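J.: how would this look folded up:
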Amino acid sequence: MTTTGYDLDALRVTFPRWAIFRSDAGTFYATRRGVALSAAEINAGVQQTVCADDLDGLVTALQEQDAWR
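T.: Numbers count the residues shown, from 1 in each chain. I've put the predicted structure just below:
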């Protein structure tokens, strides 16, 4: 997978409630900042951390997760 031209700082501004980073293997991750999810939220599909192989997939995951809360 090759992802060029991505701007994690712009993504961090767009999703300020998430800590966003890219692993050495090239996978994109985001984890919620300062949030402890309840068991009910987890059972409903809310995730503490999401990941994707590319930036578009991460944006989609973040948008879906932000819709839950």
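J.: Geometric centre of this protein: which residue is closest?
T.: The centroid of the chain falls nearest to Ala30 when counting by CA atoms, centre = their mean (3.2 Å).
J.: Let me see the contact set for that residue.
T.: Residues in contact with Ala30 (CB atoms under 8 Å, 6 or more residues apart in numbering) are Phe15, Trp18, Ala19, Ile20, Phe21, Thr49, Val50, Cys51, Leu58, Ala61, Leu62. C-betas here are computed from N, CA, C, even on glycine.
J.: what does Arg12 give?
T.: Arg12 is in contact with Trp18, Ile20, counting by CB under 8 Å, 6+ apart.
J.: pLDDT of the helix or strand hosting Arg12, averaged?
T.: Using DSSP states H and E, Arg12 sits within helix 8-14. The pLDDT scores in helix 8-14 average 94.
J.: Show me where the protein dips below the pLDDT cut-off.
T.: 1-5, 69 (pLDDT under 70).
J.: in it, which spans are helices?
T.: Secondary structure of the chain by DSSP state H: the helices cover 8-14, 39-44, 55-68.
J.: Turn those into CSV, columns for distance to Gly26.
T.: As requested, these are exported to CSV (distance: least, CB to CB, whole Å):
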stretch, distance to Gly26
helix 8-14, 13
helix 39-44, 27
helix 55-68, 11
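J.: To Ala25, which of those helices lies closest?
T.: Each of those has some distance to Ala25 by CB to CB; the shortest is helix 55-68, at 14.2 Å.
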